[in-house]
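> with the input below, show me the fold.
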Amino acid sequence: MAHYNMLSMPWIHLSFWIGPLLIAGILIILAAIVARTHLRELYKRQFGETRRERLFLASVGFFTAVIVVRGITIAIHNDVGPFHNISMHGRHIHHLVWGILLLLLVGYSWLLEIGTGSQASWRWAGRVTSMLYGVAAALTLDEFALWLNLSDVYWQRQGRESYEAMAFFGGLLGIGIFGAPFLRAIGRELARPFRRAGTPQ
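You can find the predicted model right below:
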């Protein structure tokens, strides 16, 4: 497995930024698609209540980060592409560390009532912190087996525990439940041209 041993700070290496930039890029593209198309009105109708919107956005952040992080770790494990483990002074920095730090940052923001969905809070801050919470949860739970066993079992049999934890948490976020009205509305919108084409003149 490729292992990049850095004597300086890890954030000066490209490998440190690939994951966060991919996740941010995907989330920005998804947000732009909704904001700049007729999906915006559907979104507003389906997510008038901020609690459901925050759960949905956390789900989007979570599943996006799961896909990106798993893809990068598989690439590292198979020595594919420019990806490397991040180390500092010979110590491998697991991505759960970044997840925990991000969870602390989001939690602290919510303590300060930044992005909480309250009347005094900015709605955009709630959207951003909700997505960040989902990303942080993915980074942390992807290595659930490691912190459960206090051993690096990521690629061993016990590594399945991480999949189970992510599946459980993903279910709790409930993209299928809390986002269901919006997703159904998208389905109806996509089907509208076909219904019109089938309508007799």
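> look through the protein and tell me its longest strand.
strand 85-88 (DSSP state E).
> for the following helix or strand past that strand, what is the average pLDDT?
The element immediately downstream of strand 85-88 (helix or strand, assigned by DSSP states H and E) is strand 91-92. For strand 91-92, mean pLDDT rounds to 74.
> same question for stretch 43-50.
77.
> likewise for stretch 136-150?
84.
> what comes up buried for that stretch?
For stretch 136-150, the neighbour count (16 or more other CB atoms under 10 Å) marks 136-147 as buried. Where you see a C-beta, it was placed from the backbone N, CA and C, and this is true even at glycine.
> let's have the residues you listed in JSON lines, adding secondary structure and distance to Gly90.
Putting those into JSON lines (DSSP: H, G, I helix; E, B strand; the rest coil; distance: CB to CB, whole Å) gives the following:
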{"residue": "Ala136", "secondary structure": "helix", "distance to Gly90": "26"}
{"residue": "Ala137", "secondary structure": "helix", "distance to Gly90": "29"}
{"residue": "Ala138", "secondary structure": "helix", "distance to Gly90": "27"}
{"residue": "Leu139", "secondary structure": "helix", "distance to Gly90": "22"}
{"residue": "Thr140", "secondary structure": "helix", "distance to Gly90": "24"}
{"residue": "Leu141", "secondary structure": "helix", "distance to Gly90": "26"}
{"residue": "Asp142", "secondary structure": "coil", "distance to Gly90": "23"}
{"residue": "Glu143", "secondary structure": "coil", "distance to Gly90": "19"}
{"residue": "Phe144", "secondary structure": "helix", "distance to Gly90": "25"}
{"residue": "Ala145", "secondary structure": "helix", "distance to Gly90": "23"}
{"residue": "Leu146", "secondary structure": "helix", "distance to Gly90": "18"}
{"residue": "Trp147", "secondary structure": "helix", "distance to Gly90": "21"}
